[in-house]
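> Need a 3D model of the sequence below.
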Amino acid sequence: MTVAQRRSRRILAAAFAGALVPAMVATGAAAQSPESETEILIEEKVAPELLDEIDEQGDAELWLLFTGSPDYAAALAAGTKEEKGTAAVEAAKAYAETSQAGVTAALDEAGVDYESYWGASTVKVVGDADLLAELVAFDEVEAVVAAPDYGMIEPIAPDGKTENDFQTWDAVQDAALAEGAAEWGVEDVGAPEVWEQGFTGEGIVVASIDTGVQYDHPALVEQYRGNNGDGTFTHDYNFYDIQDVCEGDAPCDEDGHGTHTMGTMVGSEGIGVAPGAEWIAVNGCCPSIETLILAGQWLAAPTDAEGKNPDPLKAPHVVNNSWGTTIPGYDPIYAEVVNLWHASGIIPVFAAGNNGSACLTMSTPGVYENVIAVGAYDEAHEIAEFSSRGHGLNGTLKPDISAPGVDVRSALPGDEYGLGSGTSMATPHLVGTIALLMSASPTLEGDYEAVYETLTGTAIDTEDDQCTGDKEANNVYGHGRVNVEDAVDEAPVGKFGSLSGEVTDQDGEPVAGVRLVFEGAVVREATTGADGAYAFARIPAGRYHVTASKFLYGTVTGSVRIKNNGEAVFDAELTREETRVVEGTVVDGGGHGWALDATVSTAGDEAVAVTDPFTGAFSLEIPAGGDWPLTVETAYPGYDTAVVDPDEAAVIEVPVSPGCLAPGYGSDVLDESFESLALPAGWEVVDRGETTGWVFDDPFGYGNMTPGSGGFAEANSDAADPEHQVDTDLISPVFDLTAAEDPTLSFASFFVDGAIGSEAEVLVSVDGGATWEQVWYTNEDIEATIEAVDLSDWADQTAVQVKFHFNDNDTWSYWWMVDNVRIGCGELEGGLVRGTVTDAATGDPIEGAIVTDPATGEATATAADGSYVLFTHAGATTLEAGLEGWTTGTAEAAVEADAVVGADFALEAEG
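Below you'll find the model as predicted:
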């Protein structure tokens, strides 16, 4: 679940006709007769709601839009999609630089913080009335608008479910289908008939802005563009973890929505429309408009995992957007991102929204005139009641087309499958259709108008006059129901041949994992298998320039000509370079010096090694020449990322990060990380509201959003009954503050309110809770921070308590998460124990088991792979591991100070 989301039950109805006006149109008080030139400019340029917010709160988040637009002439005139992308990105960046120059220079001079974006030339700045007056005086500032409120277009819960939440969907554990069978939606759009013609989406790259993707899902792993074909993966340019929630930058999906939509686009097992296409993704949906803009920029010019070295040549052909606004409206900011995609030759497809069944309920950006908006129908070809209806902007037909969107089965995280309904499920059917269409007719690549005309011209007419229109085109089904078989038949006829080859080294041995890029009228890529071979059963005819490359080998270039119906061969010989082996150990640099579980890699992940977690030893091979700095990232929280020269890698000491989150660092005065997943001993919860307050076992499944890890404390209004107030205290045990060298209270925090009305505060008592004094407070969003509170005023007190108080003020707001509460921070005495907890019968990992040292009370929970890391006192001890439904297991451990030892558990299932 994303923070900025709004759920349908929170939204009041809005008149669509009134909503479809640009945000900068002045109304009400803001339209009164001006008294000065500044007031005239404010009236002309500023959204009225921003003026109201400044009046009420003193400042507001301002989004500046600039006059003019990028010069996309060269991009639009380019002959290939790749040429379009390069020219479009160059034009967008040039326009942003020139249009924003005066404003950003002034903000820099004034020392005002701001954020600048080039995908939509805009600047975000928080300002008061004085700053607003200065900004509107710039001629190049065309408008000042408020950020739109975007969210994932939530799936519609199946019958019998009460929550409109992805996690309520019925999971299907067994994905087996009859040989050759496909899901009803895949069948309905005509995909199997196109497969029989030999077109499955090969050569086409689809993308999604969504919640992420489980990249190694059995139905999706082969189609992931980052799959090197030899058991390794390259995530650079193929996935952008914009929310910084995925381990090691590998694609992940903490929600499930993105995996489900991607499965419908390209999944195997009969769930995907174009199983031969490749996919890339960005988890940009939908914390904020900022992440969506950055996601849109990244798709136009994908980057490496660090957000560097953008490359428009790696942009996708079509992008799925199953997100938008719940209240109809118009966003001028994202319209610029869509224009960038058009100039880059990327086809934008958006869900129509789940705001039906009334007319004038289209979601933005689906309402834009230059995107393909998709409605949803069921297996009987009846429009779904929830499917949003048009018209769109300026009376345009919306949705543009409709696709299957009811009871759609697709992939879910955890190698599972499940059913869902929504225009979010219909949209990926159309994206897969476009992939099939372009693979059959490569001349359509990068040509939005031709793709649009082909799709809408062959759609199956479906009459519905509810929102005006006729059988051929109406504001319920659009131009009709998608029909890829007829679309392929009507598309320009392509000429194709086959291409195969083998890559060997100088000794004639096959080389696996070689990347071959074929650049001609279209661009195609291939990766050699274990036998050094690659093959295209079908590739557009023409002449191609070829580049074959692999890390630790030289690069070879050449050319090949594919004749219509011909069988071409391109072989290559790569020379292995002279290399060197780098060996060393990675250890804690904060004082303990113990071995670290870490990944050591070159900057581009060309070479990657994982340390032995008990010794810290690693070894990796790199070229003998050149500059190859190594990046070191630990698997444990609380450590910095280190970058070292290979010549200095014998012993790599990784610094501990500020915030005291690394195991083995903390406080002897007060230190609680909530790893037992229960109310800690000595702590107290007081509830004054009408429902449960602080909880510790993540019963709502939101996950730890603080900078901490593992267990956490959570007061959650969002998960409570909207009619019940949450007013709750979490009170610490009494502690002696005179024993602290540093009387600073720190805690990992994630507070989000969305300006709804909740409050969070920390208070101190020295009289057993009879009186309390506030030392920290917020009613504004402060997400993923380490908060530090100076308690020096009580440094001479021996009986201190702290209280974490959350009150939603009966507003049904969001939540506060707290972790790693401690006084001061230092090196603790003890060592680490690591191991796994598994099922004794099957050997499968057990997630969520609590591993405890009863002698010290130290505890931690196992991860999804059953692994755990526990810090405890040195000496011989008997550890325990337990989880409801399993017998408690024990393991002996001889814990060594400043070292790492192992202890594994195998638990018996009860009953």
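> any idea how far residue 271 is from residue 110?
54 Å (C-beta to C-beta, to the nearest Å). For the C-beta atoms, the positions are set from N, CA and C on the backbone; glycine is no exception.
> cool, residue 346 as well?
Distance from residue 346 to residue 110, by C-beta to C-beta: 37 Å.
> Also residue 853?
Applying C-beta to C-beta to residue 853 and residue 110 gives a distance of 55 Å.
> which of these two has more neighbours?
For residue 853 versus residue 110, neighbours defined as other C-beta atoms under 10 Å are more numerous around residue 853 (21 against 10).
> Just read off the phi/psi values of the more buried one.
phi -100, psi 100 (degrees, to the nearest 10).
> surely it meets residue 874?
No: with contacts counted by C-beta atoms under 8 Å, residue 853 stays clear of residue 874, the gap being 11.2 Å.
> for residue 138, what are its contacts?
By C-beta atoms under 8 Å, 6 or more residues apart in numbering, the contact set of residue 138 is 102-103, 106.
> possible to save those residues as JSON lines with neighbour count, pLDDT and distance to residue 780?
Putting those into JSON lines (neighbours: other C-beta atoms under 10 Å; pLDDT from 0 to 100; distance: C-beta to C-beta, whole Å) gives the following:
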{"residue": "102", "neighbour count": "14", "pLDDT": "92", "distance to residue 780": "30"}
{"residue": "103", "neighbour count": "20", "pLDDT": "93", "distance to residue 780": "25"}
{"residue": "106", "neighbour count": "15", "pLDDT": "91", "distance to residue 780": "26"}
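> Out of those, which is nearest to residue 267?
The closest of the contacts of residue 138 to residue 267 turns out to be residue 103 (C-beta to C-beta; 45.4 Å).
> Give the next helix or strand downstream of the host helix or strand of the closest one.
Using DSSP states H and E, residue 103 falls within helix 81-110. Toward the C-terminal end, the helix or strand that comes next after helix 81-110 (DSSP H and E) is strand 115-117.
> What pairs with that next one, parallel or antiparallel?
Sheet pairing here is set by DSSP bridges, and for strand 115-117 it gives strand 122-127 (antiparallel).
> ok and the helix or strand following the strand it pairs with relative to strand 122-127, angle-wise?
Downstream of strand 122-127, the next assigned helix or strand under DSSP H and E is helix 129-136. Angle, helix 129-136 to strand 122-127, by axes from the mean of the first three to the mean of the last three C-alpha atoms, to 10 degrees: 160 degrees.
> other SSEs contacting helix 129-136?
helix 37-45, helix 48-57, strand 60-66, strand 122-127, strand 141-145 (3 or more C-beta pairs under 8 Å, 6 or more residues apart in numbering; DSSP states H and E).
> Deepest-packed of the ones you listed, please.
Across the helices and strands packed on helix 129-136, averaging neighbours per residue (mean count of other C-beta atoms under 10 Å) puts strand 60-66 on top, at a mean of 24.
> Would you point out which residue is most central in this structure?
residue 283 (1.9 Å; C-alpha atoms, centre = their mean).
> returning to that earlier point: which parts of the helix holding residue 103 count as buried, going by neighbours?
81-93, 95-96, 99-100, 103-104, 107 (16 or more other C-beta atoms under 10 Å).
> ok now stretch 297-316, how far from the chain's centre?
Mean C-alpha position of stretch 297-316 versus that of the full chain (C-alpha atoms, centre = their mean, to the nearest Å) differs by 15 Å.
> Please read the previous query as pertaining to stretch 587-599.
With C-alpha atoms, centre = their mean, you get 30 Å for stretch 587-599.
> who touches that stretch?
With C-beta under 8 Å, 6+ apart, stretch 587-599 has contacts from 248, 585-586, 608-618, 632-636, 639, 651-656, 662, 664-665, 827, 831-832, 834, 869, 898-900.
> ok, now stretch 517-526?
Contacts of stretch 517-526 (C-beta under 8 Å, 6+ apart): 79-82, 203, 313, 442, 445, 499, 515-516, 534-536, 539-540, 542-547, 560.
> Could you turn the buried ones of those residues into a ChimeraX selection?
Paste this into ChimeraX to select the buried members of the contacts of stretch 517-526, with burial taken from 16+ other C-beta under 10 Å:
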select :80,81,82,203,442,445,499,515,516,534,536,539,540,542,544,546,560
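> Filter the contacts of stretch 517-526 down to the ones in helices?
81-82 (DSSP state H).
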